[in-house]
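>>> Got a sequence here, can you model it:
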Amino acid sequence: MKSPKRKLIVNTRDYIGIIFGAIIFGIAYAWFLIPFKVSPGGVGGIAQVIYNFLGIPAGTSMLILNIPLFVLAWFFLGKQFGLKSFLGMFLGAVFTDLLNPEMLYKNFPAMRDYINTQYWAFTDSILLASLAGSVLLGFSLGIIFKFRGSTGGTDIPVAILKKYFGISIGTGYWIIETLIIFSIGIVFTDLNLIIWGYLNLYITTQIVDITAEGIPYTKGAYIITKHEYEIKERIITELDRGITIFLSEGGYSGEKQNVLFVVVNRRQISSLRRLVKEEDPRAFMVLVDVHDVMGDGFKTRILDFQQT
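Sure, this is the predicted structure:
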């Protein structure tokens with residue numbers, strides 16, 4: 001159990017991390033995505049439509065749209081969307097408006113040389129804007145999630161769909177984001193925005209995973225073989241890796257057989273393949289990405305801002 005002092009330190013780090021993530025979130029939308037009407041979907045996409053047709057600032061629209069969603073979350077999902085989630089949503093929306101290039105141009109003369117007044121952006125290229133905005137947005141969301149916050153938005157209806165209709169999180173996101181991305185292309189009568197939206201969605205989700213979970217620099221290998229002893233010994237002596245052995249049963253044959261499990265770094269994958277093939281050409285091996293390993297012989301790669 002954490003002491004009050006330790007809990008205070010952790011919470012302070014969480015709030016600082018959420019604030020930092022919210023600033024990057026605002027930069028991604030205000031400087032790159034909104035000026036070119038590019039969006040990975042979500043509340044940010046709907047806010048862009050409102051901004052371009054009604055003139056309501058995008059951050060303000062995000063707040064207006066998110067508040068009823070948080071009310072729904074409170075009633076349907078309970079208190080899991082708490083203060084940190086509300087803070088992430090609120091600050092992300094505030095910084096989206098505060099960091100608007102048009103506002104910066106008026107209030108900070110030193111930045112005028114860097115702002116393109118045709119688009120009110122920091123570039124005149126939709127490609128650069130999409131790439132920069134996607135990377136920054138994914139990074140910001142990953143940081144906010146890492147510190148146990150949220151930006152609200154489609155997280156809430158997706159959670160409701162999963163709880164009450166049994167729709168998986170991945171499918172729920174795909175349905176909602178697809179509807180929003182297609183709507184943006186249709187509303188702005190520019191189907192190219194659908195392509196840019198999906199590109200943005202893909203890059204953003206990849207960066208979110210890397211930031212929140214770490215880069216998969218290691219591989220886990222499941223090895224089914226009749227020569228488990230020989231392979232085990234060579235892995236231990238040649239690769240200097242530990243082995244876990246567990247009993248399995250063939251789904252078709254019903255035959256009981258040992259399965260070896262080992263975690264190796266990327267440089268050792270080819271050596272592992274070679275020695276398995278040398279000992280048992282008929283061995284069955286499955287390699288899977290491992291995002292993080294905690295234990296002897298490995299160093300964590302996760303961006304862990306919550307260590308105490």
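
>>> for Gly220, what are its contacts?
Contact analysis of Gly220 by CB atoms under 8 Å, 6 or more residues apart in numbering lists Phe261, Val262, Val263, Leu287, Val288, Asp289, Val290. For every residue, glycine as well, the C-beta is placed using N, CA and C.

>>> hey, where'd the helices end up in this protein?
For the chain, applying DSSP state H gives helices covering 4-27, 42-54, 58-77, 83-98, 101-107, 126-146, 155-165, 169-187, 192-213, 228-234, 269-279.

>>> which one of the contacts of Gly220 is nearest Leu239?
Taking CB to CB as the measure, Leu239 sits nearest to Val262 out of the contacts of Gly220, at 7.8 Å.

>>> Show me the beta-bridge partners of the closest one.
Note on Val262: beta-bridge partners by DSSP bridges are Ala221.

>>> Tell me how many other residues crowd it.
Around Val262 there are 21 other residues, counting by other CB atoms under 10 Å.

>>> Isn't it up against Glu238?
No - Val262 lies out of contact with Glu238 (CB atoms under 8 Å); the separation is 11.7 Å.

>>> which residues touch Ile19?
Residues in contact with Ile19, defined by CB under 8 Å, 6+ apart, are Leu91.

>>> State the distance from Val187 to Lys37.
9 Å (CB to CB, to the nearest Å).

>>> Let me fix that, I meant to ask about Ser270.
In terms of CB to CB, Ser270 sits 46 Å off from Lys37.

>>> Val10 now?
39 Å.

>>> quick one, which of the two is more surrounded?
Lys37 (21 against 16).

>>> picking up where we left off before, is it possible to mark the buried ones in the contacts of Gly220?
For those, a burial check counting by 16 or more other CB atoms under 10 Å picks out Val262, Val263, Val290.

>>> Which of these sits closest to Asn107?
Distances from Asn107 to the buried ones among the contacts of Gly220, taken by CB to CB, are shortest for Val290, at 47.7 Å.

>>> how close does the closest one sit to Thr96?
Separation of Val290 from Thr96 (CB to CB) stands at 36 Å.

>>> again with Pro109
Distance from Pro109 to Thr96, counting by CB to CB: 22 Å.

>>> ok, now Leu141?
From Leu141 to Thr96 the distance is 13 Å (CB to CB).

>>> Over to Glu228?
56 Å.
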